[in-house]
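Enquirer: Sequence first, predicted model second:
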Amino acid sequence: ALIKHGLRHQQLKATKTMLDFIQAPQIQTIQPQRPLSVAQLADLAPAAFTQRPSPTTSDRYGFCDTLTAIEILDNHGFKCFHASQTKSRKQSDVAFADHLLRFRNPEQQGDAQNAPEIILLNSHTGKRSLTISVGLHRFACANGLILNDSGNQTKLRHNQLTAAGFGDLLKQQARTLPFVMSEVDRLSDRQVTEQQALAFAREAAQLRWDLIKATDPKLHKLKSGSYAVDTSTPSQLLQSRRRSDDSTDAYTILNRVQENLLRGGRDILSYNAKTGLTKWRKAPAVTAIKASTDINQGVFALAEAML
């Protein structure tokens, strides 16, 4: 369990070893079926243990302590099951980088397939507020959905983190967790036609790439970059990665599309404006926390509107 003494001890250890932190090519992440240990959390999101803001922030910046937020969540029964941190280009930025933590309360489990979560997002660079959102963990594929931010997200300025204030915000978000499971039930009960699914996947693809027509005569006027293609990308986003995801209900389709968008591996078109050449390649996984969160929330919002 994440207890106060252990967290503070690990914070000192994480600070001492920060310069030895090895940056992986992707964000550091893990999604076990048991709560993370203090050591795992320190390895995966070392910025969560930082006790000062980045030296690039102004004197008016109020430091928002992730460690205090973790302790408050723990006191309310929420344990951390997932941690990730954005890769830093400079070693000196590791201690202040964006980090995302997902918490579950064992007493507020959803069902055998899904568990509602509280999601904490923070950084110490002055570029974002501490944010708590509600989301959902799907055990079959370790997908972590984040609900759209309309009424399901609270931001805390970097001078407002107190035990009482954060506790009130946490209770506010915890009250929305039953809604998460009711939304799962609603989407699971709704059957989707092939045409509806393709329309949804087409819109979802544009959360990550510009969508082009394979026969577009203006293809030579495009900028260099990666593109989704209307005749192939939507159908590939609908492909299932396991037999249990072959269902045609809205919730399963939402998860298939979300997983394929974020994990990559599907064909996209790469265009080089200088040479005029195109090449099919496999889409890489989304590793940046902000991009992952934006796509996640966007897919859920689309599902609520379209499915």
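Expert: Cool, the structure landed.
Enquirer: how about the helices in the chain?
Expert: For the chain, applying DSSP state H gives helices covering 4-16, 38-44, 66-75, 163-174, 177-189, 194-205, 233-237, 250-263, 289-306.
Enquirer: So which elements touch the last one?
Expert: When contacts are defined as 3 or more C-beta pairs under 8 Å, 6 or more residues apart in numbering; DSSP states H and E, helix 289-306 packs onto strand 99-104, strand 143-146, helix 194-205, helix 250-263. C-beta coordinates here come from the backbone N, C-alpha and C atoms, glycine included.
Enquirer: Mean pLDDT lowest where, among these?
Expert: When the helices and strands packed on helix 289-306 are compared by mean pLDDT, strand 143-146 comes last with a mean of 68.
Enquirer: on that earlier part again, give me whichever of the helices and strands packed on helix 289-306 is most buried.
Expert: Comparing these by mean neighbour count (mean count of other C-beta atoms under 10 Å), strand 99-104 ranks first with a mean of 25.
Enquirer: who does that strand pair up with?
Expert: Partners of strand 99-104 in the sheet, by DSSP bridges, are strand 79-85 (antiparallel), strand 114-122 (antiparallel).
Enquirer: Give me whichever of those strands is most buried.
Expert: strand 114-122 (a mean of 24).
Enquirer: Okay, angle between it and helix 250-263 too, please.
Expert: Calculated by axes from the mean of the first three to the mean of the last three C-alpha atoms, to 10 degrees, strand 114-122 forms an angle of 40 degrees with helix 250-263.
Enquirer: Wait, Lys290 touches Asp98, no?
Expert: Yes: counting by C-beta atoms under 8 Å, Lys290 touches Asp98, with 6.7 Å between them.
Enquirer: Tell me which of those two has more neighbours.
Expert: Asp98 (23 against 15; other C-beta atoms under 10 Å).
Enquirer: got the contact list for the more buried one?
Expert: Contact analysis of Asp98 by C-beta atoms under 8 Å, 6 or more residues apart in numbering lists 47, 85-86, 121-123, 125, 128, 289-290.
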